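> Need coordinates for the following:
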Amino acid sequence: MSSPEFAGLDVSTRVRARDIQMAGVADLRRRVLMISGAIDTTDYDVSVGVNLPEPGRWQIIKSETNLTDQTWVAIQVVTDENSTFVNDEDNLILSRQFAKSFMTPDQRRLTLYDGEVRPGESLLKMYTLETSGRRPTYAYSRYSPISTDTAEQSTQKLEELVTTGMPQRPVVELIVPVTIIG
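Numbers count the residues shown, from 1 in each chain. Have a look, this model is predicted:
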């Protein structure tokens, strides 16, 4: 996109933020880990590693902004071999943008769906993670409908992805710095 006042000035790569670092804060007393940041890729899954002050049960509150040009209609989170999601009445699994969730019986894959996160919008999700190590890693995948699919095809594909899981794509690895409070 060139500016008419400044012929030849191309600002298309500077219109939106890119490469926003994720950062976290761990409240040791409350056992809460809050992470914020942004995702600006549609071609990769994002693997997030955090350094916790100690292993155990942590409530994760994560906010990220969709800096891609695609609408996300499902988010999948897969834990490492030392971590599981907690699935009981005392620990909520929720997202402001998605109305439903599905967790596998081994409690290592969680999918949030029945909603959307449009380009430029933020996604907020909350769940509890049980980890035996101080450096849990989990990977995020996002699903965006294919523009040539009909609504019926998109719905069927989403149902399959929720049940069987999203196929693994190349991964971008992030190590999220965590500040300890409490």
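> quick one: low-confidence ranges for this protein?
1-20 (pLDDT under 70).
> Please, where are all the strands along it?
23-27, 32-39, 45-50, 56-66, 72-79, 83-85, 94-95, 98-103, 109-117, 122-131, 137-143, 171-176, 178-181 (DSSP state E).
> nearest residue to the spatially most central residue of the chain other than its sequence neighbours?
Nearest to the mean C-alpha position of the chain, by C-alpha atoms, centre = their mean, lies Tyr140 at 4.8 Å. Closest residue in space to Tyr140, ignoring its immediate chain neighbours: Val46 at 4.7 Å, by C-beta to C-beta, 6 or more residues apart in numbering. C-beta: built from backbone N, CA, C; applies to glycine.
> and the one you found, how many neighbours does it have?
20 (other C-beta atoms under 10 Å).
> what's the answer for Ile175, then?
Using other C-beta under 10 Å: Ile175 sits among 13 other residues.
> Just to check, it is in contact with Ile35?
No - under the criterion of C-beta atoms under 8 Å, Ile175 is not in contact with Ile35, lying 11.8 Å apart.
> Mind listing the shared neighbours of these two?
Val50 (C-beta atoms under 8 Å, 6 or more residues apart in numbering).
> Quick one: residues contacting the closest residue in space to Pro145 that isn't next to it in sequence.
Distance criterion C-beta to C-beta, 6+ apart; nearest residue to Pro145, sequence neighbours excluded, is Ser154 at 4.0 Å. Neighbour list for Ser154: Val73, Pro145, Ile146 [criterion: C-beta under 8 Å, 6+ apart].
> any idea how far Ser154 lies from Ser147?
According to C-beta to C-beta, to the nearest Å, Ser154 and Ser147 sit 10 Å apart.
> And Ser47, by the same measure?
For Ser47 relative to Ser147 (C-beta to C-beta), the value is 27 Å.
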